[in-house]
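Q: Model the following, please.
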Amino acid sequence: MEYVYAALLLDAAGKEINEQNVIDVVKAAGFSPDEARAKAVVSSLKGVNIKDVIKNAQAAQVQATAAPAQAQGAQPKKEEKKEEKKSEEEAAGGLAGLFG
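A: Numbering: from 1, shown residues only. Reported below is the predicted structural model:
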């Protein structure tokens, strides 16, 4: 994970994401660098626009959290309507008993 974080820090700082820079960030954070991991992360991120990925992930997260909240907000209204109908039916039944 520290290599991914290093790449994110480098991107946020506007620095080039290359093996040496990733290793330097990992060292500065107090970890023992692993050149193979640094190389794997750098090669995985070639051609990836990190800012776009983060922006898309944030938008997807907002949509994912908004959908259940909207659905949850709609359910109590339906339940309230059902309760109102039951109350009206019970009231009507009670009145009919008085007259009949």
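Q: Next, the distance between the ends of stretch 28-45.
A: For stretch 28-45, the first and last residues are 21 Å from each other (CA to CA, to the nearest Å).
Q: Tell me which residues are up against that stretch.
A: 2-7, 17-19, 22-23, 26-27 (CB atoms under 8 Å, 6 or more residues apart in numbering). Glycine gets a C-beta too; all of them are placed from N, C-alpha and C.
Q: again, 6 Å this time
A: 2, 3, 7, 17, 19, 22, 23, 26, 27 (CB atoms under 6 Å, 6 or more residues apart in numbering).
Q: count of residues packed around the nearest residue to the fifth one once chain neighbours are set aside?
A: Counting by CB to CB, 6 or more residues apart in numbering, residue 19 lies nearest to residue 38, which is 4.8 Å off, once chain neighbours are set aside. Counted with other CB atoms under 10 Å, the neighbours of residue 38 add up to 23.
Q: what's the helix or strand for residue 38?
A: helix 35-44 (DSSP states H and E).
Q: tell me which residues in that helix are buried?
A: 37, 38, 41, 42 (16 or more other CB atoms under 10 Å).
Q: By neighbours, which of the contacts of stretch 28-45 wins?
A: residue 22 (26 neighbours).
Q: Please list all residues in contact with it.
A: 3, 6, 38.
Q: quick one on the thing from earlier: among the contacts of stretch 28-45, which pair sits farthest apart?
A: Greatest spacing in the contacts of stretch 28-45, by CB to CB: 17 and 27 (15.7 Å).
Q: returning to that earlier point: using CSV, please lay out the contacts of stretch 28-45 together with secondary structure and distance to residue 52.
A: Shown next, in CSV, are these (DSSP: H, G, I helix; E, B strand; the rest coil; distance: CB to CB, whole Å):
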residue, secondary structure, distance to residue 52
2, helix, 23
3, helix, 20
7, helix, 14
17, coil, 14
19, helix, 23
22, helix, 20
23, helix, 25
26, helix, 24
27, helix, 29
